[in-house]
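**Student:** coords please:
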Amino acid sequence: MKQKDLTLIIVIAFISAVVSFVVSTRLFVTPANRQQKVPTVDAIDSSFVKPSSKYFNAQSVNPAQQVQISNNANQNPFSTTTGQ
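**Tutor:** This is a model prediction of the structure:
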């Protein structure tokens, strides 16, 4: 590659970079897109609304209750021995 070719490639790359920068700032970053509306958050207070008694009552099902499927005396169920 000759010295003249390398200089020409560098000049073309520089000009294309400048042109692409100018075009992209005009197309993608318009002044209208720079201003955005941000929703505000309500202040947190210390009051607590009691949940509905339709779902949270003494007769409702407790999902955290332990369920026993069968009577198993094995204290270490994931051991490699069969326990015979």
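
**Student:** measure Leu6 to Ile12 for me?
**Tutor:** For Leu6, the distance to Ile12 equals 11 Å [Cβ to Cβ, to the nearest Å]. Yep, even glycine has a C-beta here, placed from its N, CA and C like the rest.

**Student:** again with Pro77
**Tutor:** Taken as Cβ to Cβ, the span from Pro77 to Ile12 is 71 Å.

**Student:** Show me where the protein has its helices.
**Tutor:** In the chain, the helices defined using DSSP state H lie at 3-27, 31-34.

**Student:** any idea which of those helices is most buried?
**Tutor:** For the helices of the chain, the largest average neighbour count (mean count of other Cβ atoms under 10 Å) is found in helix 3-27, namely a mean of 10.

**Student:** same for that one, what does it pack against?
**Tutor:** Helices and strands touching helix 3-27, by 3 or more Cβ pairs under 8 Å, 6 or more residues apart in numbering; DSSP states H and E: there are none.

**Student:** distance between it and the chain's centre?
**Tutor:** 37 Å (Cα atoms, centre = their mean, to the nearest Å).

**Student:** okay, Met1: pLDDT?
**Tutor:** According to the prediction, Met1 has pLDDT 67.

**Student:** Lowest-scoring secondary structure element of this protein by mean pLDDT?
**Tutor:** helix 31-34 (a mean of 67; mean pLDDT, DSSP states H and E).

**Student:** now Val22: how far from Ala58?
**Tutor:** From Val22 over to Ala58 (counting by Cβ to Cβ), the distance is 71 Å.

**Student:** next one: Arg34
**Tutor:** Arg34 is 57 Å from Ala58, by Cβ to Cβ.

**Student:** Equivalent analysis for Asp5, please.
**Tutor:** 87 Å.

**Student:** again with Lys37
**Tutor:** Distance, Lys37 to Ala58, by Cβ to Cβ: 47 Å.

**Student:** and what of Ala43?
**Tutor:** On the measure of Cβ to Cβ, Ala43 and Ala58 end up 34 Å apart.
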